[in-house]
Each structure stands twice: as structure tokens, then as C-alpha cells.
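Enquirer: Quick one, what's the 3D model for this:
(4 chains)
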Protein chains: 2
Amino acid sequence: MKHAMRATPVCGLRERKKQRTRDALIRAAIELFVVKGYERTTVDEIAAEVEVSQRTFFRYFAGKEEVALALEDSVEEAFVTAVAERPAGEPPFEALRAALDESWHSISAVIAAVVPLSTYMAMYRVIESTPTLLSAQMRHSALVEGRLASVIAAREGLDPADPRPRVLVAAVGGVIRVAQRLWGDGDETSVESIRRITEEHLDMLVPVLAQPWDEHQGVSGISLFQT
Amino acid sequence: MKHAMRATPVCGLRERKKQRTRDALIRAAIELFVVKGYERTTVDEIAAEVEVSQRTFFRYFAGKEEVALALEDSVEEAFVTAVAERPAGEPPFEALRAALDESWHSISAVIAAVVPLSTYMAMYRVIESTPTLLSAQMRHSALVEGRLASVIAAREGLDPADPRPRVLVAAVGGVIRVAQRLWGDGDETSVESIRRITEEHLDMLVPVLAQPWDEHQGVSGISLFQT
DNA sequence: TGGTCAAATGTCAGGCACTGACATAATCTC
DNA sequence: GAGATTATGTCAGTGCCTGACATTTGACCA
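Expert: Numbering: from 1, shown residues only, chains lettered A, B, ... in the order given. Next up is the predicted model:
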């Protein structure tokens, strides 16, 4: 404890080794989950694949869930960063939309550094179809929403007790999840596809709250009818 | 299997006994969770309290989570029913608001039939502060949102693929959860209080999506600033 | 170079959630 | 009341996860 701790010291053989085992565990886990299913994959199998003990696995991840959601975590992180970096003058809803739109590239880069995008999509389907994982993922979303609300409150110089940021983020977050789910049910793996779907869904948010619904209202309602 | 199965045959000593043990398990579980915390309460303890075997507990509930969320489940059920019963002419957003407003009474009645309302509120705090439970509850919400979306799609005579009901319900659901959380953090146990908070939050939904935020816009923004 | 310290890993024992299989006891039906 | 049905108990076993302790590995310095 002679020197101050650095957040992520890239130097050092030790740290590099740790990072490699961590990535290896994520990779092995996701591969097994995709092939065998989440429930039918044991932690022992994952550990064996990377040739570490089960105990070591649990020193990297608090639980089986965590390794399954490690990628989702990175994605969420990238999005929060993107929002925080939006110009201050932008209205909140617009800032969220713009951040989402511009962060797709960094997001897909983060993912591709660990597994191919198609594997990620397969893993997304596993998450959606596994109650335990879906639960955990929803909680993650809730935490991210909390952080986003804080970011927006700060941007707008609002009292932390002001509920408006939370209301906005909750609504937008809900819509994003709907769009994601639709993407997961489709066949189109591309980043462009999920970007488009999300955008179209967000476009619907305001008109959908208008009191009587038109027959086929909104900019792009029709293009979504087939998936 | 001579006669057709009835959904909930109130008659018969057997059924009544089952209902009683089920309620007893819920009651005992909630009481223990509130006092000792969720994680530190074992299924054996709950079963012992009701004087049944652990195995029997698992025949009533698929897991420890399920008994903890049994009440939430009833609440959600009451809400879905209320939405389904709204007059057909009503615009979707309005129908959700009205259903919510009128279902508080039946909701509190359902709860009070098992535990006092204050215990329910304590249990709500336990849920919010226990990762596992929070996760499971979020998933429940997602499932309910799916059902609500179907109900609305049917009301409006829409194609099931039309994303608008899902978008609406996701946004509204998110806002309701924000309101609930605020209620849970406060001291006011009354039904009137959560009804008011929820209503005020929903009032914020439309203005909050408007592009630049006013200083203190919206009908009742100010009354929410203290918790 | 070798010694020392801290961090990473392995091993072991154990608790708790949950499940299948089978035996027993309680209700229901006739 | 006999026989069928259904709820319950018991037991053994698997899998997730944790604490405690021993061992190894890489970092740092004389």
C-alpha cells in the first residue's frame, strides 16, 4: 500500500493477465449459454473451460448472472457516457435521442472486442428467454435510469428532488426496451437495424400520448408493422 | 377427472385448507422478511412458522421470490382487470389513467385481506432494497405491460404488431414505477398519498417530452419537491 | 539476484435454494 | 366404507455461493 491505487493500470503483467482471464470467462460463459442455455450451464463448466477453479470465477463475478450481463453492462456504460457528453444547451429529450443515435458505433465496438455481434444477439435472446436473466437485466436498466436522471438533473441545473428527469428517463427507457425486444425477435443482426427501430419507436412517444389515436398516425408507423 | 375442472371451486374443505395454508405462508413470509430481511430469512423458517415441510412450501410457490411478490401479483392483477373494464370509447392514455385512479380501492382491499397496509409498505421497501427481489419485480412489471398492451390493442382494434400500445404502456409503466418508488421513500402510508403522487407524475409525462423545459412547468410540480 | 510483501489462486467445508422419487396421510366420490 | 385422488412428508442429491486457510505468482526493492 505504498503507492496510491490507480483505477485501471494498463501496465503490469498482473493486470493484463487479470483482464485476459476476465474476458476469457465472459467469452466462455456466453458461448456456453448460447449453446446449452443458461440454466443448463454450470459455473463449474465455465471455470473448467478457462482452467480456473470455481472459487476464482466467483472472485471475478458476484454470480452467474453477472457474467451473463457483463456485456450489457458495457453497453449501458457507453450510453451513459454519451449522454453526459451532450452539449449543455440541448433539451433533455433531444439529448437522450442524440446520445443514443451517436453511441451505436462505440457500443458495437465494445461488444465486438469480446464476441462477434451475432453471438451477442444470440445472447440477447437467451437473456430475454431466461426469467432470472431478464429480471437482472431489468434491474440494471433501472439503475442506469437512475444515473441518467442524475445526469440530466445536473445538466438542467435542477433540484435533485425534481421528478421530471426521472419521469422522462423512465418513459424513454421503457420505449427503448420495447424497441430492443422487437430487434431481438427479428432476424436483422445489424447495428443499423436496431438504431432505426429505436428511433422510430421514440418518434411514436409523443403522438401516442395524444388523446385519440389516428388510424395510422406518426411519421413511420407503417414501416414497423412487419418484423 | 370425471368432471371438468373449475377454476377456483370455493366449496370443498380441501380447497379452503389450501387457500388457508397459502395465505398463512404469504403472511409468515412477509412478516419474517420485514423483520429479518429477505436474505437472512430461510425457506425452512417460513415453512416451520406455518408448520409444513420445506417441500410443501415449494409446492405452493416456485421459489422464495414468488412468495415475496405474491401480493404485488394481486395488485397487478387488479390493475389489468380495471383497464380491461374501461369503456371502449376512451382514448388509451386516458383509459390507463382512469383505471389506475379507480383501482386503488380494490387494490388496497386485496392487500388488507392478507396483511395490514403498513406491513405491505414495509414489504415494498424490502423489495426495493433487495436486488434479487427488485429484479423479479421489474420482470413482473414487464409481463404486466405486455398484457396491458394486448388489452389496449384489442380495445382499439389494432394489429397485434402495431407497436403503439407497447410504447404507450412502457412509458406509462415507467412513470408509475418512479411514482411508486417516491411513495416508498416517504412516510405517508395512505392509499390517498400514492394515488396523488402517481397522478401528479403522469401529469408530467407530456410536458416533460416538450423540448425546452420551463422553470417550474406543469400543474403540480412544486408539491412534489419535498419527500 | 535474491528476498519480501501483496495479490491472485486453489482447496476444503458448509449453508441454502430447489428438485425428483417414493411413501404416507388426508380428502373426495360413489 | 372402499377405492381413487390429491396433498403432504421424507430423503437424497445438485447447483450456487461463501468463509477460512494454504499456496503460488507477480511486484518491488536492496
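
Enquirer: From here on, just use CA atoms for contacts and neighbour counts.
Expert: Will do.

Enquirer: neighbours of residue A:32, just the number please.
Expert: 19 (other Cα atoms under 10 Å in any protein chain shown).

Enquirer: Run a quick neighbour tally on the nearest residue to it once chain neighbours are set aside.
Expert: With Cα to Cα, 6 or more residues apart in numbering or on different chains as the criterion, residue A:32 has its nearest non-adjacent residue at 6.6 Å, and that residue is residue A:41. Look at residue A:41: counted by other Cα under 10 Å, it has 17 neighbours.

Enquirer: distance of residue A:41 from residue A:29?
Expert: Between residue A:41 and residue A:29 the computed distance is 8 Å (Cα to Cα, to the nearest Å).

Enquirer: now residue A:116
Expert: 14 Å.

Enquirer: contacting residues around the nearest residue to residue A:168 once chain neighbours are set aside?
Expert: Leaving aside its chain neighbours, residue A:168 sits nearest to residue B:208 (6.1 Å; criterion: Cα to Cα, 6+ apart). Residues near residue B:208 by Cα atoms under 8 Å, 6 or more residues apart in numbering or on different chains: A:93, A:164, A:167-168.

Enquirer: Report pLDDT for residue B:208.
Expert: Residue B:208 is assigned 90 on the pLDDT scale.

Enquirer: Helix or strand: which one has it?
Expert: helix B:191-209 (DSSP states H and E).

Enquirer: where does the closest residue to chain B within chain A land on pLDDT?
Expert: Proximity of chain A to chain B (Cα to the nearest Cα) peaks at residue A:171, 3.8 Å away. Here the pLDDT value assigned to residue A:171 is 92.

Enquirer: So it sits against residue B:174, correct?
Expert: Yes - between residue A:171 and residue B:174 there is a contact under Cα atoms under 8 Å: 5.4 Å.

Enquirer: Which one's more surrounded, those two?
Expert: Neighbour tally, residue A:171 and residue B:174, criterion other Cα under 10 Å: the higher count belongs to residue A:171, 28 against 25.

Enquirer: Report the contact partners of residue A:30.
Expert: Residue A:30 makes contact with A:68, A:123 under the criterion Cα under 8 Å, 6+ apart.

Enquirer: Tell me the spacing between it and residue A:74.
Expert: If you go by Cα to Cα, the gap between residue A:30 and residue A:74 works out to 15 Å.

Enquirer: Over to residue A:130?
Expert: From residue A:130 to residue A:74 the distance is 20 Å (Cα to Cα).

Enquirer: the inter-axis angle of the helix or strand residue A:166 falls within versus helix B:191-209?
Expert: Following DSSP H and E, one finds residue A:166 within helix A:164-185. Calculated by axes from the mean of the first three to the mean of the last three Cα atoms, to 10 degrees, helix A:164-185 forms an angle of 80 degrees with helix B:191-209.

Enquirer: all helices for chain A, in order.
Expert: A:13-36, A:43-50, A:54-60, A:64-68, A:70-84, A:92-112, A:117-129, A:131-155, A:164-185, A:191-209 (DSSP state H).

Enquirer: So for residue A:116 and residue A:29, which sits in the more crowded spot?
Expert: With neighbours defined as other Cα under 10 Å, residue A:116 and residue A:29 compare such that residue A:29 has more, 24 against 12.

Enquirer: That one and residue A:46 touch, don't they?
Expert: Yes - in terms of Cα under 8 Å, residue A:29 counts as a neighbour of residue A:46; the distance is 5.6 Å.

Enquirer: wait, what's in contact with residue A:80?
Expert: Here residue A:80 is in contact with A:144, A:147-148 (criterion: Cα under 8 Å, 6+ apart).

Enquirer: Distance to DNA strand C and neighbour count for those residues - can I get that in TSV?
Expert: Converted to TSV, the contacts of residue A:80 look like this (distance: Cα to the nearest atom of the strand, whole Å; neighbours: other Cα atoms under 10 Å in any protein chain shown):
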residue	distance to DNA strand C	neighbour count
A:144	26	19
A:147	28	15
A:148	30	24
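
Enquirer: Of the contacts of residue B:208 - the most surrounded one?
Expert: The most crowded member of the contacts of residue B:208 is residue A:167, carrying 28 neighbours; neighbours defined as other Cα under 10 Å.

Enquirer: if I pick that residue, what's in contact with it?
Expert: B:174-175, B:178, B:201, B:204-205, B:208.

Enquirer: what do you get for residue A:159?
Expert: residue A:153.

Enquirer: any idea of the pLDDT on it?
Expert: Per-residue pLDDT puts residue A:159 at 93.

Enquirer: Also residue A:221?
Expert: pLDDT at residue A:221 comes out at 40.

Enquirer: Would you mind listing what in chain A touches chain B?
Expert: A:91-94, A:131-132, A:134-139, A:161-164, A:166-168, A:170-175, A:178, A:201, A:204-206, A:208-213, A:221, A:224-226 (Cα under 8 Å from any Cα of the partner chain).

Enquirer: Please pick the buried ones from the contacts of residue A:167.
Expert: B:174-175, B:178, B:201, B:204-205, B:208 (16 or more other Cα atoms under 10 Å in any protein chain shown).

Enquirer: TSV for those residues, including distance to residue A:17?
Expert: Below are the buried ones among the contacts of residue A:167 laid out as TSV (distance: Cα to Cα, whole Å):
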residue	distance to residue A:17
B:174	41
B:175	44
B:178	42
B:201	49
B:204	50
B:205	49
B:208	47
